[in-house]
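Chemist: sequence plus the predicted model coming up.
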Amino acid sequence: MSVAAADWLPSATVTASGRPVLSAGEIERHLLPLVDLEPEENPRLAPLRGCLLALTSHRLIFLHEASLSARALPLASIVHPYPPHRRHNHNPLRSLFSSSSSSSSHHPRIRIQISLPPSRSEVVAVVVTCKADVDVFYRRLLEAIRARAWEATAAAAPASGAPVAEGAAPAEEDLAIRMPVVGVAGILRKEQETWESAGQNLQDAFQDLNALMSKAKEMMELAEKMRQKLLTNSSAQSNSNDEEMGSKQDMQDLLLSVGIVSPVTKETAGALYHQQLSRQLADFVRVPVERAGGMMALVDVYCLFNRARGTAQ
């Protein structure tokens, strides 16, 4: 069954190389090839066959690589996941004489109770048809559900752009932020506040691995904004002296070290490591190659990509 037929699941965006497009704050946790998604009780739900399953901090994403399409099951809609099992473990003879067309019966299954709109409960099964450690996937699924990272992302979004009620008195923080920026001193003060905020974010991010993962997307957005600002300034002020140009180049080199938000690793991708790594490279290298005029030396691509990944492997 094609991914398009499973319209009971929301669609997900993929890149040109077939990688899932992650939302703000979303991190890839695990990959499983050749996965089916089957309804356990409701035959009206169309199944998914032969998908690449990507577990992230927010979703289960089922990618159909042939059509470059995907469907996603939000982790927020999962009521309860059940431990892996085989449907016919209790009766080997039944498995032996079962039809080969229903071959998914002897593969490990993870039953999941989900909540679908408007307000109905369904039970589906993730069927792993490849040789993979299903227990590791199940453990990481539980960790992602318990972490509830999507709630932190949703809470951060209104905080950054919440509208102020008409006629409401401004808060003290708003008064401090809205101090007028006048003259050179005001501009320097604003720049200092920006750098102090960025420094505090970096310090918080490196407290532990969980904080680093949650701050990664924010750091990437900050780095990209600063990089664009440097590029704009360098084109608008072409007559600046060599010292200023050198400092801008140093800053761009530092920003490159912030890296990719969710790099492919052997731990998350397993046997798919080289395939998914090449796809991530294809997505990553497009912008640097365009900026370089359509051609880059292989050694430059190697250095940029590994620096962005934060590894030499």
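Modeler: Ah, there it is.
Chemist: ok, the closest residue to Arg111 other than its chain neighbours to Gly25 distance?
Modeler: Leaving aside its sequence neighbours, Arg111 sits nearest to Tyr82 (C-beta to C-beta, 6 or more residues apart in numbering; 4.2 Å). Where C-beta positions appear, they are placed from N, C-alpha and C, glycine not excepted. Relative to Gly25, Tyr82 is positioned 28 Å away (C-beta to C-beta, to the nearest Å).
Chemist: more neighbours, the two?
Modeler: Gly25 (21 against 13; other C-beta atoms under 10 Å).
Chemist: in contact with Val289, which residues?
Modeler: 295-296, 301 (C-beta atoms under 8 Å, 6 or more residues apart in numbering).
Chemist: now the host helix or strand of it: buried residues?
Modeler: In the assignment (DSSP states H and E), Val289 maps to helix 273-291. Applying a neighbour-count criterion of 16 or more other C-beta atoms under 10 Å, one finds 273, 275-277, 279-281, 284-285 buried in helix 273-291.
Chemist: state the next helix or strand along the chain beyond the helix or strand of the chain with the lowest mean pLDDT.
Modeler: Lowest on mean pLDDT, DSSP states H and E among the helices and strands of the chain sits helix 172-177, with a mean of 41. Downstream of helix 172-177, the first helix or strand assigned by DSSP H and E is helix 183-205.
Chemist: could I get the average pLDDT for that following helix?
Modeler: Averaged over helix 183-205, pLDDT sits at 74.
Chemist: what's the closest of the contacts of Val289 to Ala156?
Modeler: Val301 (33.7 Å; C-beta to C-beta).
Chemist: burial of that closest one, as a residue count?
Modeler: Using other C-beta under 10 Å: Val301 sits among 16 other residues.
Chemist: what's the closest non-adjacent residue to it?
Modeler: Val285 (5.7 Å).
Chemist: list the contacts of the one you found.
Modeler: Val285 neighbours (C-beta under 8 Å, 6+ apart): 296, 301, 304-305.
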